[in-house]
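*Asks:* Fold the following, please.
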Amino acid sequence: MKTQIYIILLAFVSTIFLSCDTEEIQIEDNNTKVFATKTLSLTPKKVLKETPFGRRANHTSLVFDNKMWVIAGNGPGIYYNDAWYSKDGTTWMAATKKASFSPRTSHAATVSQGKMWITGGRLVNEMNDVWFSTDGEIWKEATGNASFSPRSGHTMVDLQGRMFVIGGQENGVEKGDIWVSSDGSKWNLVSNLAPFGARRDHTSVVYDNKIWVIGGYDINNNFLNDVWYSSNGFQWFLATPDADFLPRRNHAVTVDKKGMWLTAGTKNNDFEYFNDIWYSTNGIDWKKTYLTKKFHERTQHTSVYFDKKLWVISGYALNNGSPDDFYNDIWSFE
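*Replies:* Below is the predicted model:
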């Protein structure tokens with residue numbers, strides 16, 4: 001009788017999952033755990049066809065002070081050093097159109113200790129300066145010449161009040177080092193070559209009290225779909241060498257309380273791009289999200305999780321070298 005009840009219960013739960021969209025439920029019977037996962041479904045909405053901050057890619061985006069932020073980047077024939085914010089994704093205001101830091105692209109940013117931080121990127125050459133702001137308007141320099149070498153295509157995250165700079169490139173050569181700082185001024189070397197090797201155009205996020213490094217482009221010209229994690233930034237473990245999503249670079253990853261969201265990116269060196277979305281609660285298993293309609297393929301975009309929605313902001317897709325290569329749109333997914 002107990003076995004029959006258990007089978008009926010499983011059938012009932014499976015039926016529920018076929019009609020729903022987001023969570024994972026755990027049932028226990030005689031200390032045996034059974035997981036049934038819902039099919040993920042999102043509805044894309046083009047919130048803005050044209051943003052006031054113009055066409056751009058290789059910018060950074062943060063959630064800070066209950067606002068979404070877009071910082072610097074490049075557009076058709078222009079490099080930016082501005083900072084824009086929005087409370088709803090529709091109305092955007094310029095905190096500054098000309099910040100104290102120089103125009104740049106492919107820099108990195110994070111939120112730490114109640115401030116927004118940016119570092120590195122390139123204009124003509126790569127940089128290794130570090131800047132911070134509490135309001136997006138006034139930016140102060142923590143250091144103009146950090147201990148780590150100049151770089152672009154790197155990542156920057158905060159874990160428990162300490163900032164980590166991970167990988168990147170300088171003059172086309174990929175880096176595999178990791179640096180840590182508590183104040184943005186003094187940086188210490190964590191590893192000259194991390195276990196995941198030299199790479200650029202990867203993503204890094206903090207989820208489940210761990211730093212995650214996902215995908216990118218390595219020193220052997222390989223597109224990657226591996227996933228690594230660390231609970232302290234010093235010891236690293238491989239979650240999976242071959243995730244369910246295809247290898248890529250210049251994708252975006254953001255997090256909510258339950259998991260990580262990966263969006264789009266570059267497929268290969270033939271100027272082909274993705275417009276897919278993947279979700280993971282553990283970094284090992286990635287589930288492709290069903291979209292009720294498509295959004296445009298893109299790379300070098302940003303994504304944030306804000307106001308209970310996933311947002312994708314601008315980006316790039318080659319279109320015969322026209323200004324339209326740079327997107328000027330904002331999408332939300334819920």
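*Asks:* Quick check: can you list the domain ranges of the protein?
*Replies:* 1-39, 42-333 (automatic domain parsing).
*Asks:* Low-confidence ranges, this structure, go.
*Replies:* 1-39, 320-322 (pLDDT under 70).
*Asks:* which residues in the stretch 151-300 of the chain form strands?
*Replies:* 155-159, 162-170, 173-181, 188-191, 199-200, 203-207, 210-218, 223-230, 237-240, 252-255, 260-266, 273-280, 287-288, 290-291 (DSSP state E, counting those that start in this stretch).
*Asks:* Mind putting those into TSV with distance to S41?
*Replies:* Every residue, glycine included, has its C-beta placed from N, CA and C. Shown next, in TSV, are the strands of the stretch 151-300 of the chain (distance: least, Cβ to Cβ, whole Å):
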stretch	distance to S41
strand 155-159	29
strand 162-170	33
strand 173-181	37
strand 188-191	40
strand 199-200	32
strand 203-207	22
strand 210-218	23
strand 223-230	23
strand 237-240	24
strand 252-255	18
strand 260-266	14
strand 273-280	11
strand 287-288	11
strand 290-291	5
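*Asks:* can you tell me which of these comes nearest to V63?
*Replies:* Across the strands of the stretch 151-300 of the chain, V63 has its closest neighbour in strand 252-255 (8.7 Å, Cβ to Cβ).
*Asks:* can you dump the C-alpha coordinates of that closest one into CSV?
*Replies:* Output in CSV follows, covering the C-alpha atoms of strand 252-255 (Å, rounded to 0.1, in the frame of the first residue of the first chain):
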residue,chain,number,x,y,z
ALA,A,252,26.3,37.1,-19.9
VAL,A,253,25.4,35.4,-16.6
THR,A,254,23.3,36.8,-13.8
VAL,A,255,21.8,35.3,-10.6
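*Asks:* Need the contact partners of it.
*Replies:* With contact meaning Cβ atoms under 8 Å, 6 or more residues apart in numbering, strand 252-255 is reached by 203-207, 212, 214, 260-265, 301-305, 310, 312.
*Asks:* What pairs with it, parallel or antiparallel?
*Replies:* Its sheet considered, strand 252-255 pairs with strand 260-266 (antiparallel) by DSSP bridges.
*Asks:* could you give the angle of the strand it pairs with to strand 223-230?
*Replies:* 150 degrees (axes from the mean of the first three to the mean of the last three Cα atoms, to 10 degrees).
*Asks:* Settle this for me: D329 is touching F53, isn't it.
*Replies:* No. Contact criterion Cβ atoms under 8 Å: D329 and F53 do not qualify, at 11.6 Å.
*Asks:* In terms of neighbours, single out the busier of these two.
*Replies:* The residue with more neighbours, out of D329 and F53, is F53; 22 against 19, by other Cβ atoms under 10 Å.
*Asks:* Just give the closest residue to that one, not the sequence neighbours.
*Replies:* Nearest non-adjacent residue to F53, counting by Cβ to Cβ, 6 or more residues apart in numbering: W84, 4.7 Å away.
*Asks:* who's the one you found bridged to?
*Replies:* Bridge pairing for W84 - DSSP bridges - gives V70, A94.
*Asks:* Distance-wise, check it relative to P52.
*Replies:* Here the distance between W84 and P52 works out to 7 Å (Cβ to Cβ, to the nearest Å).
*Asks:* Find the centremost residue of the protein, please.
*Replies:* V253 (3.1 Å; Cα atoms, centre = their mean).
*Asks:* and that residue, how far is that from D226?
*Replies:* Taken as Cβ to Cβ, the span from V253 to D226 is 13 Å.
*Asks:* Assumed D324 was part of a helix.
*Replies:* Yes. Counting by DSSP: H, G, I helix; E, B strand; the rest coil, one finds D324 located in a helix.
*Asks:* Direction included, what does whichever helix or strand V63 is part of pair against?
*Replies:* Assigning secondary structure by DSSP states H and E places V63 in strand 60-64. Sheet pairing for strand 60-64, assigned by DSSP bridges, gives strand 67-75 (antiparallel).
*Asks:* Mind jotting down where the strands sit in the stretch 1-150 of the chain?
*Replies:* 24-29, 32-37, 41-42, 44-48, 60-64, 67-75, 78-86, 92-96, 108-112, 115-119, 130-133, 140-143.
*Asks:* Tell me which strands the third one pairs with, and in which orientation.
*Replies:* Strands that pair with strand 41-42, judged by DSSP bridges, come out as strand 290-291 (parallel).
*Asks:* Which elements pack onto whichever helix or strand comes after the partner strand?
*Replies:* Using DSSP H and E, the helix or strand that follows strand 290-291 in sequence is strand 302-306. Under the contact criterion of 3 or more Cβ pairs under 8 Å, 6 or more residues apart in numbering; DSSP states H and E, the helices and strands touching strand 302-306 comprise strand 60-64, strand 67-75, strand 252-255, strand 260-266, strand 309-316.
*Asks:* Which among those strands is found nearest to L40?
*Replies:* L40 lies closest to strand 260-266 among the helices and strands packed on strand 302-306, at 9.8 Å (Cβ to Cβ).
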